[in-house]
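>>> Sequence plus the predicted model coming up.
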Amino acid sequence: MADRSSDFETLEHRLMRAWINGDSRTLKALTARDFVLLVGTRPPVMLDYSSWVEAAGKRWTCAAYRFGTVYVRAHGQVAVFAAEAELESRIDRLDWSGPAWITDVWRRSRVRRRWRLVERQITRTLDERAVANGIKALQLWR
């Protein structure tokens, strides 16, 4: 499969702009009906498709975002997009801004052959350079 990184980055920016604008029509067009959003908090929480589409841009707002390092890998009819992100976000009155790691799983639909988001994981990130350096030390390809 050819490098599809730019295709998925385009989809991701469309998704994020739809979130910022509260554009439920675009959110519905880009997400599969079996979509699940997992939020890496303690305790972890989940939103289903209907809850996400209803909350995005209304009760869970995103005013701005910026992707850092991006990773894309396609596996046939499934692709994974992962990126560092800086979010300006609120959940009702709670400020949920800051650095995060977003991992999205996209699946190509069978009928129209469009890519749909089936799973998103958002985890707030902490500065853990010691852990990152320890894991880098395990890499055989250095």
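Thanks, I have the structure now. In this text, all values refer to a predicted model and were calculated from it rather than measured experimentally.
>>> Can you give the distance of the longest strand along the chain from its chain's centre?
Scanning the chain for the longest strand, with DSSP state E as the assignment, gives strand 60-75. From the chain centre to the centre of strand 60-75 is a distance of 6 Å (CA atoms, centre = their mean, to the nearest Å).
>>> I'd like the numbering to begin with 110 instead of 1 from here.
Taking 110 as the first residue, the last one we looked at is strand 169-184.
>>> Report the rounded mean pLDDT for it.
For strand 169-184, mean pLDDT rounds to 96.
>>> Next: stretch 118-136.
Confidence over stretch 118-136 (mean pLDDT, whole number) is 97.
>>> related to what we said a few turns ago, show me which positions of the longest strand of the chain end up buried.
By 16 or more other CB atoms under 10 Å, the buried positions in strand 169-184 come out as W169, T170, C171, Y174, V181, A183. Quick note: C-beta positions are derived from backbone N, CA and C, even for glycine.
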